[in-house]
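A.B. asks: sequence below, structure please.
(chains A, B and C)
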Amino acid sequence: MNPAEVFHVLYLIAIVAEAMTAALSAGRRQMDWLGVALLGSITALGGGSVRDILLGRHPLSWVEHPSYLLITGGAALATIMVAHYMRHLRRLFLFLDAVGLVVFTIIGCDIAIGLGLPIIVVIASGMITGCVGGVLRDVLCADIPLLFRAELYATVSIVTGCLYAGGQWLELPHYLVMLGAMLIGLALRLLALRFGWSMPKFVYTESLH
Amino acid sequence: MNPAEVFHVLYLIAIVAEAMTAALSAGRRQMDWLGVALLGSITALGGGSVRDILLGRHPLSWVEHPSYLLITGGAALATIMVAHYMRHLRRLFLFLDAVGLVVFTIIGCDIAIGLGLPIIVVIASGMITGCVGGVLRDVLCADIPLLFRAELYATVSIVTGCLYAGGQWLELPHYLVMLGAMLIGLALRLLALRFGWSMPKFVYTESLH
Amino acid sequence: MNPAEVFHVLYLIAIVAEAMTAALSAGRRQMDWLGVALLGSITALGGGSVRDILLGRHPLSWVEHPSYLLITGGAALATIMVAHYMRHLRRLFLFLDAVGLVVFTIIGCDIAIGLGLPIIVVIASGMITGCVGGVLRDVLCADIPLLFRAELYATVSIVTGCLYAGGQWLELPHYLVMLGAMLIGLALRLLALRFGWSMPKFVYTESLH
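C.D. replies: Numbering: from 1, shown residues only, chains lettered A, B, ... in the order given. Now for the predicted structure:
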C-alpha cells in the first residue's frame, strides 16, 4: 500500500470508531435501533459535511460515496451486539477515537490547503472536521458538547493542524510532516487521557441580565 | 386538478400541519408568539432546507417562494387561537402529520432522483426531507429528538422511500408508484400509532470514559 | 471616515460585544478556555454564516477575513480576564449587544437586497443575521433559545428590517434610511430592556400524543 492508501484505511477505521462510540452515547439515552444507526452516521460523517458546507464544496463525501452511510450506520448497529464486550475494549476504542481525531484533522487541513485558503482557515477546517461530529452527537443527545467542557479534544486538533500546516509551509517532505503531526497529536491526546489533563475552566456565576 | 396539482395541495397541507404541531410544542415550552411563528416555519420548512443545503441546491424553497414563510408562520400563530379545540382534532392532526411525512419523503426522493444520485442517497434525501424538521424542532426545544427515541417516524420514511425509489427503478408507472408508496407508508404510520409499534431500543448504562 | 467606514467599525464593535456576552454564557456553564473562545466565535459569526449558507453565498465572511476568527476568539478570551469587572459594565454591554443586533440586521437585509430577493426574504435575512448567533449559543449550551421565549430580540430585528427595506423601497436617501432604522430599532430594544416589555406567551399544557 502506498501512503495514500494507508491513509484511506485510517479514514475508514476512524469513521467506524466514531460511529461505534456514538452508538454507545445513543444507548445511554435509550435510543431505538434506527436512532442508533442515524446518530452513528451523523457523528462519523457530520464533521466533514459541516466543513464542506461552510467551505461551499459539493458533493459531500457521503453523496459521492453512499457506502459511507452503510458503513457507519452498520458499525453503529453492530455496536448493539458487541456492547456487552466493549468494556474490555475500552482502551482500544479510546485509542481508535484519538486516531480518528488526528486523521480527520489532517483531512480537513488538506482540503483547505487545496483550496488555497489562509492558514487560520486551514487550522479551523481541520478542527471542524475533527470535532464537529462529536458536537452534533452531543447536541442531538441534548447535552452541552463535551468539546466545550472537557478533555483536550479541540486542543489536540489545533496542535495537529498547526504542525501539519506549519510543516507544509516550511516545505518539509509531505508524508513526513503528516506522520509527525499525527504522531504528536495522538501522543498529546493519549497523555491527556492518561493523566487527566484539561484546559483551565472559566467559571462565571453572575447573570448579565 | 392533474396529479401534480393534487400533490402540491398535499404539500401545502403538510407544511401547515407540521407548523401547527410545532406550535403546540412551542406552547408546551411557553414560547412567545413570535417564537411560535418561527418554530412553526423552521419545523415545516427545515427538512427541505437542510436537504437542499446538503445537496448543494439553491435557491431554497422559501427563498424562491417567500409565501411559504407567511403560510407556515401564520398557521403556527392561528394555532394559538384554536389550541383549545385541538384536543378534539387530535386524530385529524396525527393523520395530517402522517400525510406530511410521506409527502415530504416523496419530494425528497424525487429531487435526489432528478439529480441522478445513487439510490442510498435518494432514500436518505427522502428521510432528511421528512424527518429533519422535527429534529430541528426538538433541538430548539432542548429535547432529545423524538425521531431517535420513539415511533416509527424515520422507519416509515425509509419504507416509503424504498418503495418509491424501487418502483421507479422497476420503471412502473410513476403516479401509481407514488400513490402506492404513499398509501403503504401512511398505513404503516397509522398502524404504528394505533398499536403503539416501535423499534427495539438500545439500552447501555456504562460510560466509556 | 465615510459612512461605510463608520458602519464597518460598528460591525467590529458588534462582533466583539457578541463574543464577550457569549463568553459569559460559557462561563456560566464552566466551559474551558478553548470552549469559551469557540463559543465566542460561533456566536459572533454564526448568524452571518447561516445566512450565507441559506442564501448560497460563498466564501463566508470568516473564510475571506480569517482575522474575524482571531478578533472574536480573542475578545471571548479577554472576557475571562475582565469578567470580574463586567458587572459594572452591564449597561454598556447590553447597549453594545443592542447595537450589534441592529447592525447585523442591516447587514443581512443589505445582502439580500443586493441579491434582488423579495422583501419577505430581505427581512428574514436580516433577522437570521441578527438572531441566529444567539440561537447557536443557546443550543450549544443545551438551553431553549432565549429568542423564542423572552425579550423583543427578534421583534426588534423584524422592525429594523421592515423600516430599512421599506425606506429603500420608497427610494428615500440610503444612509438616512439606515440611520433611522437603526436608531428606531435600538430605541425599541433599550425601551424593552428598561420596561421589561415582552411578547405575549403561548402556554399549552396538553400533549397531542
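A.B. asks: and A:G108, how far from A:Q168?
C.D. replies: 14 Å (CB to CB, to the nearest Å). In this view, the C-beta of every residue, glycine as well, is placed from N, C-alpha and C.
A.B. asks: average pLDDT across whichever strand or helix holds A:F104?
C.D. replies: Taking DSSP states H and E as the definition, A:F104 sits inside helix A:90-114. For helix A:90-114, mean pLDDT rounds to 92.
A.B. asks: equivalent analysis for stretch A:18-31, please.
C.D. replies: Stretch A:18-31 shows an average pLDDT of 91 in the prediction.
A.B. asks: that one: how far from the chain's middle?
C.D. replies: Distance of stretch A:18-31 from the chain centroid (CA atoms, centre = their mean, to the nearest Å) equals 15 Å.
A.B. asks: on that earlier part again, is there any residue in the helix holding A:F104 that contacts chain C?
C.D. replies: No - contact between helix A:90-114 and chain C is absent, the nearest approach being 8.8 Å (criterion: CB under 8 Å from any CB of the partner chain).
A.B. asks: distance between that helix and the chain's centre?
C.D. replies: 5 Å.
A.B. asks: and it, what does it pack against?
C.D. replies: With contacts defined as 3 or more CB pairs under 8 Å, 6 or more residues apart in numbering or on different chains; DSSP states H and E, helix A:90-114 has these neighbours: helix A:3-28, helix A:33-55, helix A:119-140, helix A:153-169, helix A:174-195.
A.B. asks: redo that, cut-off 10 Å
C.D. replies: The contact analysis (3 or more CB pairs under 10 Å, 6 or more residues apart in numbering or on different chains; DSSP states H and E) places helix A:90-114 against helix A:3-28, helix A:33-55, helix A:67-86, helix A:119-140, helix A:153-169, helix A:174-195.
A.B. asks: mind putting the ones you listed into TSV with distance to C:A124?
C.D. replies: Below are the helices and strands packed on helix A:90-114 laid out as TSV (distance: least, CB to CB, whole Å):
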stretch	distance to C:A124
helix A:3-28	33
helix A:33-55	19
helix A:67-86	32
helix A:119-140	23
helix A:153-169	32
helix A:174-195	41
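A.B. asks: in chain A, which residue is most central in space?
C.D. replies: For chain A, the residue sitting closest to the mean C-alpha position, by CA atoms, centre = their mean, is A:G130 at 3.4 Å.
A.B. asks: wouldn't it be in contact with A:V159 here?
C.D. replies: No - here A:G130 does not reach A:V159: they are 11.1 Å apart, not a contact under CB atoms under 10 Å.
A.B. asks: common neighbours of these two, please.
C.D. replies: Each of A:102, A:105, A:185 lies in contact with both A:G130 and A:V159 under the rule CB atoms under 10 Å, 6 or more residues apart in numbering or on different chains.
A.B. asks: quick one: which of those is nearest B:V16?
C.D. replies: Within these, distances to B:V16 taken as CB to CB reach their minimum at A:T105, with 44.7 Å.
A.B. asks: got a list of what the closest one touches?
C.D. replies: Neighbouring residues of A:T105 by CB under 10 Å, 6+ apart: A:47, A:123, A:125-131, A:156-161, A:163-164, A:181-182, A:185.
A.B. asks: what of A:V177?
C.D. replies: Shown in contact with A:V177 (CB under 10 Å, 6+ apart): A:106, A:163-171.
A.B. asks: farthest pair in the residues you listed?
C.D. replies: Between any two of the contacts of A:V177 (CB to CB), the greatest distance is 17.4 Å, for A:I106 and A:E171.
A.B. asks: neighbour-wise, which of these two wins?
C.D. replies: A:I106 (27 against 8; other CB atoms under 10 Å in any protein chain shown).
A.B. asks: thought A:P3 was touching the more buried one, still the case?
C.D. replies: No - applying CB under 10 Å, one finds A:I106 not in contact with A:P3, separated by 11.7 Å.
A.B. asks: quick check: neighbours shared by those two?
C.D. replies: Shared contacts of A:I106 and A:P3, defined by CB under 10 Å, 6+ apart, comprise A:178-179.
A.B. asks: need the contact partners of stretch A:188-202.
C.D. replies: Stretch A:188-202 has contacts (CB under 10 Å, 6+ apart) with A:91, A:94-95, A:97-99, A:101-102, A:149-157, A:159-160, B:209, C:23-24, C:26-37, C:76-77, C:79-80, C:83.
A.B. asks: and that stretch, which residues are buried?
C.D. replies: A:188-189, A:192-193, A:199, A:201-202 (16 or more other CB atoms under 10 Å in any protein chain shown).
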